[in-house]
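S.K.: no FASTA, just this:
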């Protein structure tokens, strides 16, 4: 290879240039693939890829062309034609960072206080139940008040009836006493009639029924012996 370079350096360079360009192109493709695989940092735009210590692909191609020109000028040979070097692919545009998904905070479990409030709310009666209970309570209270009023009326009526009966009884007893006193006076004035009545009770009763005073006494005696308990 050294002998070939010494004999025909221009031909050697023309033969090796495509190989060098191929190596440079492969190297640029590898760098571009690494740039695509590297994920961009969160919240920051991806910066330029770090250089691995060597020159960029464009700088390497320019240095190779300049080296070839210098070699051709030194040997006085024709300058090699500009070879179209494959341009390295432009680095892929960094994909726009997706907005951070709004993370939903997990619901906190209910505390004991909240659970107690829920239990009390469930235990409370509904509006309809409260209305029904109030209506039943008012109905019972109305019935109780009505029963108390009826009881008071019955007691007052019993007292009035008792007073009226007592007054009637006292009045009749007084009349009976007065009638007895009058009868005693009549018997004193008529001893013969008294003796006859004592010996003949039927005749005495017949004599009492013949006068108004005797009839009244018989009625009073009947009322006393047969008390009107059914009226009480």
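M.R.: Here it is on my side, so go on. Computed from a predicted structure; not experimentally measured. Numbering: from 1, shown residues only.
S.K.: Quick check, pLDDT for residue 171.
M.R.: pLDDT recorded at residue 171 is 79.
S.K.: How about residue 52?
M.R.: 48.
S.K.: quick one, phi psi at residue 211?
M.R.: Dihedral pair for residue 211: phi -110, psi 160, per degrees, to the nearest 10.
S.K.: any idea how far residue 70 is from it?
M.R.: 185 Å (C-beta to C-beta, to the nearest Å). (Glycine included, C-beta is placed from N, CA and C.)
S.K.: Find the nearest non-adjacent residue to residue 217, please.
M.R.: In this structure, residue 217 finds its nearest non-sequential neighbour in residue 179, 4.9 Å apart by C-beta to C-beta, 6 or more residues apart in numbering.
S.K.: my guess is the one you found contacts residue 216, does it?
M.R.: Yes. If you go by C-beta atoms under 8 Å, residue 179 and residue 216 touch, sitting 6.6 Å apart.
S.K.: In the protein, where is pLDDT below threshold?
M.R.: 1-10, 34-58, 60, 72, 74-135, 137-140, 142-143, 186-205, 208, 227-232 (pLDDT under 70).
S.K.: Domain map for it?
M.R.: Structurally, the chain divides into domains by automatic domain parsing as follows: 1-37+53-89, 116-231.
S.K.: what's the burial count for residue 13?
M.R.: 19 (other C-beta atoms under 10 Å).
S.K.: quick one: secondary structure of it?
M.R.: Of the three states, residue 13 takes helix under DSSP: H, G, I helix; E, B strand; the rest coil.
S.K.: What of the one 10 residues further on?
M.R.: Following three-state DSSP, we place residue 23 in the helix state.
S.K.: That one: how many residues sit nearby?
M.R.: 11.
S.K.: For residue 17, see how far away it is.
M.R.: 11 Å.
S.K.: quick revisit: name the element the residue nearest to residue 217 belongs to?
M.R.: helix 127-189 (DSSP states H and E).
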